[in-house]
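S.K.: Have a look at this prediction, sequence included:
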Amino acid sequence: MYRDVEKVVKSVYRASMITPLAHLIFEFGKLSSYISRMMIDAMGLNGSDYCVRIYNNLVPGVIFSAVITTMYLDSYRRGSNVRAVRYEDLVARPLDMCRTVLEFCHLPVSLAELAVKAFEVDSQRNSILRKSVLGRIKEPKMTPQIKEKLNELLKEYGMPPIGESCILEGTLTCC
């Protein structure tokens, strides 16, 4: 599943504000580009492609979005039986998208209504990342200067700039 990059950037920021280790790592990332490489290496991937200095608190979201997108596209283009689901489509048409995903997975489409009901429950309700806590974190400011710098980074990763919609190859749709 992937999501609009600006929303990912802001979500990663909010999560880092309540997760002390993530916040500390991101702060150290302002000192050295080696930190972003270590983050990606720790995920079991090659961090050398994502070795950038975290010059502001929104950069990690761009990196995570780029990593997820790259992983998916590599798998898809190599012929893996994998498809992406766009979060915005799932929110806009939850029942139709759940049916589409279940059908793709060769599971009973009759489970779609149960799947939609599951979205009503906060999957992180027992963690520090629950909606009631994340919702209290003020959204970061996206100044034109910050947006320009993030767009430069997105361009390096072959992703569309903030504000442009992105539909990846092989994305499941219900239409």
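M.R.: Thanks, I have it.
S.K.: Point out where the protein drops to low pLDDT.
M.R.: Residues of the chain that meet the criterion pLDDT under 70 are absent altogether.
S.K.: Give me the outermost residue of it relative to its centroid.
M.R.: residue 110 (28.6 Å; C-alpha atoms, centre = their mean).
S.K.: Now do the same contact list for that residue.
M.R.: Taking C-beta atoms under 8 Å, 6 or more residues apart in numbering as the contact definition, residue 110 lies against nothing. (Glycine included, C-beta is placed from N, CA and C.)
S.K.: Quick check: it vs residue 98, distance?
M.R.: Counting by C-beta to C-beta, to the nearest Å, the gap between residue 110 and residue 98 amounts to 11 Å.
S.K.: And residue 133, by the same measure?
M.R.: 27 Å.
S.K.: Look at the two and report which has more neighbours.
M.R.: Per other C-beta atoms under 10 Å, whichever of residue 133 and residue 98 has more neighbours is residue 98, with 23 against 15.
S.K.: and the longest helix for the chain?
M.R.: Longest among the helix segments of the chain by residue count, using DSSP state H, is helix 59-77.
S.K.: Tell me the helices and strands packed up against it.
M.R.: Applying 3 or more C-beta pairs under 8 Å, 6 or more residues apart in numbering; DSSP states H and E, one finds that helix 59-77 contacts helix 5-18, helix 34-42, helix 144-156.
S.K.: contacting residues around the next helix or strand along the chain from that helix?
M.R.: Using DSSP states H and E, the helix or strand that directly follows helix 59-77 along the chain is helix 87-92. Among residues not part of helix 87-92, those counted as contacts by C-beta under 8 Å, 6+ apart are 1-4, 7, 97-98, 171, 173-174.
S.K.: do that again at 10 Å, thanks
M.R.: Helix 87-92 is touched from outside by 1-4, 7-8, 86, 96-98, 100-101, 115-116, 119, 165-167, 171-175, with contacts defined as C-beta atoms under 10 Å, 6 or more residues apart in numbering.
S.K.: Can you select the buried ones among those for me in ChimeraX?
M.R.: This is how ChimeraX selects the buried members of the contacts of helix 87-92, with burial counted by 16 or more other C-beta atoms under 10 Å:
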select :2,3,4,8,86,96,97,98,100,101,115,116,166,171,174
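S.K.: Out of the contacts of helix 87-92, name the ones that lie in helices.
M.R.: Checked against DSSP H, the contacts of helix 87-92 include these in helices: 7-8, 96-98, 100-101, 115-116.
S.K.: Now render the residues you listed as JSON lines, adding distance to residue 64.
M.R.: Formatted as JSON lines, the ones in helices among the contacts of helix 87-92 follow (distance: C-beta to C-beta, whole Å):
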{"residue": "7", "distance to residue 64": "12"}
{"residue": "8", "distance to residue 64": "7"}
{"residue": "96", "distance to residue 64": "28"}
{"residue": "97", "distance to residue 64": "23"}
{"residue": "98", "distance to residue 64": "25"}
{"residue": "100", "distance to residue 64": "25"}
{"residue": "101", "distance to residue 64": "22"}
{"residue": "115", "distance to residue 64": "25"}
{"residue": "116", "distance to residue 64": "27"}
